[in-house]
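*Asks:* Using only what follows, build the 3D model:
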Amino acid sequence: MKTIHYILLYIGAACALTSCDSGDIAEKVYTVDEKGYTVRMTAQVRGISEWDGTDYTLAVAGFTADSKFAQVQRAVPATLDDDAPLSITLSNLSDDIATVELALTNSLRKRIITLATINMSDYRDYGTHDTIRLDLGTIDVGQTGVLQMGVFDRACIQCHGANGRSAAGLTLTKGNAYAALVDVPSTRREGYMRVESGNAEASLLHLILREGGEDLLSHNHTEILSSQFKSNLEEVSAFIDQWIRHLKPQPQE
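*Replies:* A predicted model of the protein is given here:
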């Protein structure tokens, strides 16, 4: 509880007309409940409707340091129009909340992928209870956009696109990944598509992230991915499968 002292001056009616020679000064003490922290995320999002009807939710969520399950979250509405302004506020966040994230969560509110993070300790050290703001500008939060920001940018482009590197001729940087993967034959395993739209189980990307996948290519991609997703590789792999199944086969010319 915080005690806030307000000094209230009670001024006689005569003071309204003439100067006061004296006046009583009374002090009142008000007790106000201690409020937790408040975080407000603003953005313009595109592609949010792609999550409607899936087992996933894109949300602003608060996590403790020792749990992968959101203690509190507010979903980004799947009915939001592209580029419509969005503002989501989490209030009364306790000191137990270590991070507030824009995250993809499953039906159990377990974190699958993080797209943006606020470390609450930075603000506690500063000692402010002002609203903490996270402005993300315009972001693609469709399934391909989340895969790009949450997986490719985090775990893949070091070998597939960054600093001019393009292992196996595959570039997974933003704006290039979809065209390089979807319905494109593998240059390393004859007879396989890198990603076969609508068919996860037949896609090489699916196979190399499952048991035995380390034998399909010269690098162990499960090991590479698990270095970034130590506690939820299985869930990330399931999300990748969801993305593949969501893809519509391209019409034949």
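*Asks:* my read: Lys248 touches Gly198, true?
*Replies:* Yes - Lys248 is in contact with Gly198 according to Cβ atoms under 8 Å; the separation is 6.8 Å. For the C-beta atoms, the positions are set from N, CA and C on the backbone; glycine is no exception.
*Asks:* Compare these two and say which is more crowded by neighbours.
*Replies:* Neighbour totals were compared for Lys248 and Gly198, and Gly198 leads with 14 against 8 (other Cβ atoms under 10 Å).
*Asks:* residues in contact with that one?
*Replies:* Gly198 makes contacts with 244-245, 247-249, as judged by Cβ atoms under 8 Å, 6 or more residues apart in numbering.
*Asks:* Return the subset of the residues you listed lying in helices.
*Replies:* The helices, defined by DSSP state H, take in 244-245 from the contacts of Gly198.
*Asks:* For the chain, give me the ranges with low pLDDT.
*Replies:* 1-35, 127-128, 250-253 (pLDDT under 70).
*Asks:* domains in it, as residue ranges please.
*Replies:* Segmentation of the chain into domains, based on automatic domain parsing, reads 2-32, 37-141, 144-246.
*Asks:* neighbouring contacts of stretch 42-57?
*Replies:* By Cβ under 8 Å, 6+ apart, stretch 42-57 touches 58, 73, 75-80, 82-87, 102, 104-107, 109, 112, 133-145, 239, 242, 246.
*Asks:* So how do I select the buried members of those in ChimeraX?
*Replies:* To isolate in ChimeraX the members of the contacts of stretch 42-57 that are buried, counting by 16 or more other Cβ atoms under 10 Å, one can use:
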select :58,73,76,80,86,102,104,105,106,109,112,134,139,140,141,142,143,144,145,239,242,246
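*Asks:* Next step: the contacts of stretch 42-57 restricted to strands.
*Replies:* 58, 73, 75, 85-87, 102, 104-105, 112, 133-140 (DSSP state E).
*Asks:* Strands of the chain, start to end?
*Replies:* 2-9, 25-32, 37-46, 57-64, 72-75, 85-93, 97-105, 111-119, 132-140.
*Asks:* a markdown table for the ones you listed, including distance to Phe229?
*Replies:* Output for those, formatted as a markdown table (distance: least, Cβ to Cβ, whole Å):
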| stretch | distance to Phe229 |
| --- | --- |
| strand 2-9 | 41 |
| strand 25-32 | 43 |
| strand 37-46 | 23 |
| strand 57-64 | 15 |
| strand 72-75 | 20 |
| strand 85-93 | 25 |
| strand 97-105 | 12 |
| strand 111-119 | 9 |
| strand 132-140 | 21 |
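*Asks:* Val151: which of these is closest?
*Replies:* With distances scored as Cβ to Cβ, the stretch of the strands of the chain nearest to Val151 is strand 111-119 (6.7 Å).
*Asks:* so what secondary structure elements neighbour the closest one?
*Replies:* strand 97-105, strand 132-140, helix 233-246 (3 or more Cβ pairs under 8 Å, 6 or more residues apart in numbering; DSSP states H and E).
*Asks:* can I get those in CSV with distance to Lys68?
*Replies:* Listed next are these as CSV, based on distance: least, Cβ to Cβ, whole Å:
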stretch, distance to Lys68
strand 97-105, 9
strand 132-140, 20
helix 233-246, 9
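*Asks:* right, and the ones you listed - which one's nearest Arg189?
*Replies:* helix 233-246 (16.5 Å).
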